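Novice: quick check, what structure comes out for this input:
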Amino acid sequence: MPSTASCFLHSDPCTTLAYNLISACVVVQVKIQALSFSADEQMLASLGGQDDNSLVLWDVATGEAICGSPTHQDFVLCCRFFNTQPDKLITAGNYNLQIWTYDRANNKLRPEDVKLGNLQRQFRSLAVDQQDMFAYAGSTSGDVMQVSLDHAVLRNTGPGKQPLQLSVTAVTETPAGTFLLGSGDGTLALLNPVSEPSPTNPKQLKKLAVTASIRLEGGVTSIIIDPGSGKALPLGRNPAGGGVTYTAYVGTDRCNIYRVNYDPINNKFSSEVVQTAHSQKINGLAFPVQYGEVFVTCSAGSIRVWHLAGCRELLRINLPNLECKCVTFAPDGKTIISGWSDGKIRGFGPQSGKLLYIINDAHHKAVTAIAVTSDSSRLISGGEEGMVRIWRLGKQYQSMEASMKDHKGPVNSIIVKQSTDDECVSASSDGSCIIWDMRAGRRRQSLFANTFFLSVVYHPDESQLVTAGTDRKITYWDAYDGQAIRVIEGSDNAQLNTLAVDSDGEVLLSGGSDKLVKLWGYDEGQCYFVGVGHSGEVTGLAVA
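Specialist: Got it, this is the predicted structure:
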């Protein structure tokens, strides 16, 4: 657990408390749904998940539990302390909204239900204004409840005619006293909390209004205001904006972090992406030949080119509703070649992202592996149906030269013998690796093992092959006669998904479902370093 390990590097009280909470979660095996610090930072409130559904107060200084209480019988999702009263907090969830008071004399938490009248809502977000006058609870219906904290009663709702789509997932107060609302469809909206009397009935209030909005990629999951960004400006066209410019950082479920600036003079938002990543599993990655400053990755719906030193995205190629299964650079650097779930091979310009060509019906099922000869003239592809095909790549055309069907399972990896361009090796889930004669279009040699082969690489001198798969073993093979030379236990308890060898042939790298990257001495077969950093299985490795 990375978060637990990091606690050993620090000794401040908050870190110690975090360690205790993590230990408690491991013992009772329940989820921590939400956390909130009190105004004086002396207490931390934790809200248990659906299996626990209890509210617990912790002493920050000692890390000990102060008291706890079961919450509402329906699921409770969020909690917030008041900003000026350290003994009060509010919780919200499915059809419940409660204000809690910590009774220090009796060491008890006492709840009070907020009176919502006939309204029934499932709340997903919560915020309390700086004066502790009102709380704002966002619901799955796309509206926000403005609740009077003094009287525990609903005061107003909004937006009126056009609620946000796919739930109000985040609520945060701005330096101007307005509120930023985030929704599941990626909308970031500015809500004016000032309630005005209805022109037709002065005893009723107009619905809270949204005064500005912007659309981001992915559902909003979190919003935070840059504390140093608030600056007073002359009022523009929208007095509700408060005449204050500020910056917010917004996270989305598409793994994007945006910097959003608000301009009160024009009452507009502007946004830029400051960090991004794939939102789903990365299926493949590759460096250009003899160039290590950029690399390419692929996942569901997109291919991305990254700058290695700056960890910045340079190019994104989007194909919605499709999954890119494999990707590589042509050795001449002129094309990014990719295989897709619709059975097509697509080539893109590495700088513009422009589609250069499509090989339609390259395979009956998904294209799961690709490799290119050293002169960039031929492409070898493997499919989910088990076929291996060789393609001639011309400037105006792409034609198939050979189609080999010896595998009985998906082809997971393909490599080309770069010194001669006359041989390639395919690794399959049928328990075989096949060495192919690319000129004759037929099999030269086969390697068999009781495993699903997931990766195969040549040693740089091309005298040996190295394979890995579901049997957790790294196996060295003689490339000429196909005999196993050495077998190494690559992992204690997980399959190995990928291998890579450095250009000198001195280092072998492996990655697997144990989330570890291991560095081996190629000749010794000894593991010298273990990289811990991934939170999921390692699906690809590449050496610049």
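Novice: which ones are touching residue 170?
Specialist: Counting by CB atoms under 8 Å, 6 or more residues apart in numbering, residue 170 touches 125, 138, 180-182, 220-223. Bear in mind the C-beta positions are built from the backbone N, C-alpha and C, glycine included.
Novice: filter those residues down to the ones in strands?
Specialist: Judged by DSSP state E, the contacts of residue 170 include 125, 138, 180-182, 220-223 as members of strands.
Novice: re earlier: next, format the contacts of residue 170 as CSV and append neighbour count.
Specialist: Below are the contacts of residue 170 laid out as CSV (neighbours: other CB atoms under 10 Å):
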residue, neighbour count
125, 26
138, 28
180, 26
181, 30
182, 28
220, 28
221, 17
222, 15
223, 24
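Novice: what's the closest of the residues you listed to residue 542?
Specialist: Closest to residue 542 out of these is residue 221 (30.2 Å), distances taken as CB to CB.
Novice: that closest one and residue 167 touch, don't they?
Specialist: No - the pair residue 221 and residue 167 does not pass the contact test of CB atoms under 8 Å, sitting 11.1 Å apart.
Novice: contact partners for residue 157?
Specialist: Going by CB under 8 Å, 6+ apart, residue 157 touches 119, 143-146, 207-208.
Novice: swap in 7 Å and give it another go.
Specialist: 143-146, 207-208 (CB atoms under 7 Å, 6 or more residues apart in numbering).
Novice: C-terminal to the helix or strand hosting it, what's the next element?
Specialist: Element membership of residue 157, judged by DSSP states H and E, is strand 153-158. Per DSSP H and E, strand 153-158 leads on to strand 168-173 as the next helix or strand towards the C-terminus.
Novice: neighbours around residue 453, how many?
Specialist: 29 (other CB atoms under 10 Å).
Novice: the nearest residue to it once chain neighbours are set aside: how many residues sit nearby?
Specialist: Nearest residue to residue 453, sequence neighbours excluded (CB to CB, 6 or more residues apart in numbering): residue 427, at 3.7 Å. Residue 427 has 31 neighbouring residues, counting by other CB under 10 Å.
Novice: how about residue 524?
Specialist: Neighbours of residue 524 under the rule other CB under 10 Å: 9.
Novice: which strands border whatever helix or strand residue 467 lives in, and is each parallel or antiparallel?
Specialist: With elements taken from DSSP H and E, the one containing residue 467 is strand 464-469. Taking DSSP bridges as the criterion, strand 464-469 forms sheet pairs with strand 453-458 (antiparallel), strand 473-478 (antiparallel).
Novice: and the residue nearest to residue 453, how far from residue 467?
Specialist: 6 Å (CB to CB, to the nearest Å).
Novice: any shared contact partners between these two?
Specialist: Common neighbours of residue 427 and residue 467 (CB under 7 Å, 6+ apart) are 433, 453, 455-456.
Novice: compare the residues you listed and tell me which has the most neighbours.
Specialist: residue 453 leads these on contacts (other CB under 10 Å) with 29 neighbours.
Novice: wait, that one touches residue 467, no?
Specialist: Yes - Residue 453 is in contact with residue 467 according to CB atoms under 7 Å; the separation is 5.5 Å.
Novice: who touches both of the two?
Specialist: Joint contacts of residue 453 and residue 467 (CB under 7 Å, 6+ apart) are 427, 433.
Novice: contacting residues for the most centrally placed residue in the chain?
Specialist: Against the mean C-alpha coordinate of the chain, by CA atoms, centre = their mean, the closest residue is residue 279 at 3.8 Å. Contacts for residue 279 were tallied using CB under 7 Å, 6+ apart; they are 253-255.
Novice: and what of residue 33?
Specialist: By CB under 7 Å, 6+ apart, residue 33 lies in contact with 47-49, 77.
Novice: quick check: the farthest pair among those residues?
Specialist: Most distant of these, by CB to CB, are 48 and 77, 11.0 Å apart.
Novice: what about residue 229, neighbour count?
Specialist: As a burial measure, residue 229 scores 17 neighbours (other CB under 10 Å).
Novice: oh, that last question was meant for residue 278, not what I typed.
Specialist: Neighbours of residue 278 under the rule other CB under 10 Å: 17.
Novice: element containing the closest residue to it other than its chain neighbours?
Specialist: Nearest residue to residue 278, sequence neighbours excluded (CB to CB, 6+ apart): residue 299, at 4.1 Å. In the assignment (DSSP H and E), residue 299 maps to strand 294-307.
Novice: packing partners of that strand?
Specialist: strand 284-286, strand 312-329, strand 336-340 (3 or more CB pairs under 7 Å, 6 or more residues apart in numbering; DSSP states H and E).
Novice: who's in contact with the shortest one?
Specialist: Identification of contacts with strand 284-286 by CB under 7 Å, 6+ apart yields 295-298, 326-329, 540, 542.
Novice: tell me the buried residues in stretch 206-224?
Specialist: 207-214, 216-221, 223 (16 or more other CB atoms under 10 Å).
Novice: and those residues, which is closest to residue 515?
Specialist: Checking these one by one against residue 515 (CB to CB), the nearest turns out to be residue 221, at 23.3 Å.
Novice: low-scoring stretches of this structure, by residue?
Specialist: Applying pLDDT under 70 to the chain flags the ranges 1-29, 233-242.
Novice: what about the helices in it?
Specialist: Remark: helices assigned in the chain by DSSP state H are 2-7, 13-28.
Novice: report how many residues lie close to residue 58.
Specialist: 23.
Novice: partners of the nearest residue to it once chain neighbours are set aside in the sheet?
Specialist: The shortest distance from residue 58 to any non-neighbouring residue, by CB to CB, 6+ apart, is to residue 44 (4.5 Å). Judged by DSSP bridges, the bridge partners of residue 44 are residue 37, residue 58.
Novice: neighbours around residue 44, how many?
Specialist: By other CB under 10 Å, neighbour count at residue 44 equals 21.
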